[in-house]
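Visitor: Prediction below, plus the sequence it came from.
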Amino acid sequence: MPGLAGNKSKEAQSLSRLFTTGSRLYYLSTSAWWIGAALIALLIAVPLAVVVLTFFDPPSAAWREVVGYGVLGSYLKGTIIMLLGTGLLASVFGIGAAWVVTVWDFPGRKFFSLALMFPMAIPTYVAAYAYDFAKYELRDPMMLWVREKFGPGVMMDANIVFNHALAVFVLALVLYPYVYIAARIGFSEISGAYIENSRLLGRSLWRSLFSVGLPLARPAIIGGLLLVLLEVMNEYGAMLHYGIETLTIGIFNQWYDWEDTDSAIRLAGVAMLVVFVIIIAEMVLRGRSRFHAHHGQRRNLAEKPKTLAGNLLAFGFCLMLLYFAFVLPLWQLLKLASYGLEKVELGDLMSPVAGSLSMALLAGLVILAAALFLAYAARLFPGLSMRILSKMCMLGYALPGAVVVIAMLTATAFISDSLSADSLTTILFTTTPIGLVMAYAVRFMTPALAPLEAGMANIRRSMDEASRILGRSSWGSFFRIHFPLLRLPLLGALIVLFVDILKELPLTLVLSPPNVETLATQTFGLMHKEERFAEGSLPALILVLSGCVGVIILHRLIRRPRQA
Amino acid sequence: MRGSDYLTPLDSPAAPGLSNDVSDHMPDSLEIQEISKTFPRAVRPALDRVSIVLGDGDILALVGESGSGKTTLLRIIAGLEQPDEGTVAIGGQLVCSEGSSVPPEQRHIGFVFQDYALFPHLNVRKNLLYGLHRIVHRDEREERVEEIVKLAGLDGLEKRFPHELSGGQQQRVALARALAPRPSFILLDEPFSNLDPMRKDTLRDELRRIVKSSATSALIVTHDTRDALAVSDTLAVLKEGKLQQVGSPERVYFHSTSEYTASLFGKVNRIPCQLLEGEDAPQGSPDILVRPADLEITQEVTGGGHIVGKVIASHFRGDFHEVTLECADVETDSGESTQVTIYVGANRKPALGDTVTVRRSRRGEE
């Protein structure tokens, strides 16, 4: 063929054939994109692989003790109790609230449907500190009563039971919005049309919700519940506060208190296994029922309650939930802060605020850029290998922060050893925040990637093709078509990332360079370590407020009509 | 990798947009040869050795049912899909042959997508400017946009966004956008499928006018044979990946080479016939295929070449009645009587049960 490209393009073509099975678009520069995506995926997957590999090493003596003396058992027990308790209670709160707001048109319904999302804005450990008063005002009279009734012998156990119950209650209060949001979308968006149909077929609204609404919303609800359980697995600050031994706590205990790296890594492996089981359970529970059948417009299904009692019941439930989950902790923080303001120079707060905000913004932008690259690479080459790479990048989100910490440090140490470059750890974690940003990327790639992938899916293929035929390269198309069309998902993802990173505790605690304080670490340091609640309430309040801003913006983004 | 690696030396910057006045040896806008394509896990090839030539300034309509491979062929020509075998040449230059392919952005062709693919975040003017980035001077770009706006009748719409336009306007913008960079030719994928049926005819004629006055050749893919007949200079019929017939619309309509093609373009009557003395025997079946439009009611009952039938059904179709006759004395092989459909003017509707005589109309005999 005269003038036609020779070997070079043949290679490129076979490469692209290899990676684009079933693809509709055909491009020649596949390899660069693929390698880029693979690098990001490796950066995220290698630390996790190190944990998994260590798990198969012959066990050390220390690990045998951890298993033999029942330490592992107690970590597992604590984790499972917290998972079951919080999962159950958060489901009751979340589904209940979604149900009431969906079914009843009571006074204040509009207000509550938004306000019931706000507890999300309170970081779990902040909620635990804000509920600290319960330990004195509730526990002490209770313990007195227990001693009188059952004698002093059961005090210890009663105290442990009380702490678990309080932890479950507090965590469920701030985590239920995940279930609430999922259930609301499930009720109104997915099954709205079916519920309307069921009513036309002569069933009452309530019966329709039971026989059609709940089963159809189930996959969405279980998806929300999964997020709750993953948050419980991740929880460090609150568990520490209530003295509950979970796997996350165990990892830190073994690593710091016992300096037993091997057992810490193995505990991280066990935690990964538990997460794996949770995800499998979610998949089994969802079964084949991933209904996306009717993604129609929102339906307003609510009816006015017929009786005053009905009105009161709906209003009362929402009010109580909002009071305990948001108003009360916020009020406690404000009360503490009013004392705190007298003791603290506002100037002292500025440095962690600035550090925290710039860190969250920087890390958020880096992660977003990587996610954008991955999403566009997957767009250009929608093959199996790209799907696997992007799934690999999403792994970290399921894992507790403690596991990510261990994985990052172990992998760095491993690489340092094999390169005999001792300075790697220093560079990454002591002198610069690079290591911390990488750890954030491992943990938070999903909240960045998922909305971008959804946004990409909303851009029709013919847009890409039209742009290419009009003479633009893949990069040109990206900057002129995809980037502007992804503005909303990008903004949404950045806000979620920003708030998530701002309140992230375990990763930041361990991996941030010394003398770098963030709002999260300062809150933890003052409230937990030094028990200076008044001073600690100030950074905690800033965290809550920024979380609220995030929730409001997210709500607006969700509400915005989709682009045609 | 830069595009120049793939272009033949002949491909000068002047090549796109050349029109028929340049030289006597003007190569065809598009020539595809022996294109074959089988999708993974498919039973039969999507395209089976298809060859088509698009003459300069021609409008060629590629007609076929869904799944006939016509869109695949279009995507192969555009470079969005790769054929297993065969070659594509644009303006005399190979852009696709075994193992190598010029990427879509370097083929200098226009494409009007079925969903129009107007960029939703750009207004009409910016959509039109999108493909003009190769024109260096701003003034020239603006000039070209003005020109194309006038040609496509988009005056006053430049500031609008795609969602603020009607379906017909969107189509004209898509067409204008494809024509703006003066492509070698344009491809249109089912351009009429999203249009309001009431205004479709007008919009179709408008599209033909715009394409013709831009002196650009066009290849239109459609499943609607009425559109194809009305809009094209040349028709090509595709069935299950194989090319059935290529020719002028009249030729394909009235002189279909296969029963498939004939029935694709409208109702045909299959009438068993006996050969009269002195006539050549047609090959194959002794049946003849006649379009209802080629039959007319006649008063002449003497001589040959006519059929007598009883009216068993009549449906009003607007301009005419579609009348079904049962012809008891024309038997099929299996011994059943034959049904024949004819079109009768709206004012001359025969009553049910009437017996009428039918013969080939004069025009049909030509």
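Guide: Sure, I can see it. Numbers count the residues shown, from 1 in each chain, chains lettered A, B, ... in the order given.
Visitor: Buried residues, stretch B:347-360. List them.
Guide: Across stretch B:347-360, burial judged by 16 or more other C-beta atoms under 10 Å in any protein chain shown covers B:Pro350, B:Val356, B:Val358, B:Arg359, B:Arg360. Yep, even glycine has a C-beta here, placed from its N, CA and C like the rest.
Visitor: Residue ranges in the stretch 251-366 of chain B under the pLDDT threshold?
Guide: B:273-286, B:300-305, B:332-333, B:362-366 (pLDDT under 70).
Visitor: any idea how far the residue in it positioned nearest to chain A is from B:Asp224?
Guide: Nearest residue of the stretch 251-366 of chain B to chain A: B:Leu264, at 27.1 Å (C-beta to the nearest C-beta). For B:Leu264, the distance to B:Asp224 (C-beta to C-beta, to the nearest Å) stands at 11 Å.
Visitor: Neighbour count for these two, which is higher?
Guide: B:Leu264 (23 against 16; other C-beta atoms under 10 Å in any protein chain shown).
Visitor: I'd say the more buried one and B:Leu235 touch.
Guide: No - here B:Leu264 lies out of contact with B:Leu235, judged by C-beta atoms under 8 Å, at a distance of 10.4 Å.
Visitor: Now do the shared contacts for these two.
Guide: Common contacts of B:Leu264 and B:Leu235, defined by C-beta atoms under 8 Å, 6 or more residues apart in numbering or on different chains, comprise B:Val63.
Visitor: residues contacting A:Gly237?
Guide: So A:Gly237 contacts A:Pro123, A:Thr124, A:Tyr125, A:Ala128, A:Leu505, A:Phe524, A:His528 (C-beta under 8 Å, 6+ apart).
Visitor: ugh, wrong one, I meant B:Thr71
Guide: B:Asp189, B:Glu190, B:Val221.
Visitor: Just the closest of the contacts of A:Gly237 to chain B, please.
Guide: Closest approach between the contacts of A:Gly237 and chain B, by C-beta to the nearest C-beta: A:Pro123, at 36.5 Å.
Visitor: Tell me which stretches of the stretch 201-350 of chain A form helices.
Guide: A:205-208, A:214-234, A:237-242, A:247-252, A:261-286, A:308-322, A:328-343, A:346-380 (DSSP state H, counting those that start in this stretch).
Visitor: who does the most centrally placed residue in chain B bridge with?
Guide: In chain B, the centroid-proximal residue (C-alpha atoms, centre = their mean) is B:Ala61; its distance is 2.4 Å. Under DSSP bridges, the beta-bridge partners of B:Ala61 are B:Ile220, B:Leu235.
Visitor: Tell me the helix or strand right after the helix or strand containing B:Gln244.
Guide: For B:Gln244, the element it lies in under DSSP states H and E is strand B:242-247. Scanning forward in sequence from strand B:242-247 by DSSP H and E, the next helix or strand is helix B:249-254.
Visitor: which other helices and strands contact that following helix?
Guide: Packing contacts for helix B:249-254, counted by 3 or more C-beta pairs under 8 Å, 6 or more residues apart in numbering or on different chains; DSSP states H and E, involve helix B:225-231, strand B:234-239.
Visitor: I'd like these laid out as JSON lines, including distance to B:Pro197 and mean pLDDT.
Guide: Listed next are the helices and strands packed on helix B:249-254 as JSON lines, based on distance: least, C-beta to C-beta, whole Å; pLDDT from 0 to 100:
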{"stretch": "helix B:225-231", "distance to B:Pro197": "11", "mean pLDDT": "90"}
{"stretch": "strand B:234-239", "distance to B:Pro197": "22", "mean pLDDT": "93"}
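Visitor: Excluding chain neighbours, give the residue nearest to B:Phe265 in space.
Guide: B:Thr225 (4.7 Å; C-beta to C-beta, 6 or more residues apart in numbering or on different chains).
Visitor: which residues of the stretch 401-550 of chain A score low on pLDDT?
Guide: In the stretch 401-550 of chain A, residues with pLDDT under 70: A:420-422.
Visitor: can you list the residues of it near chain B?
Guide: Contacts of the stretch 401-550 of chain A with chain B, taken as C-beta under 8 Å from any C-beta of the partner chain, map to A:460, A:462-463, A:465-473, A:480-481, A:484-485.
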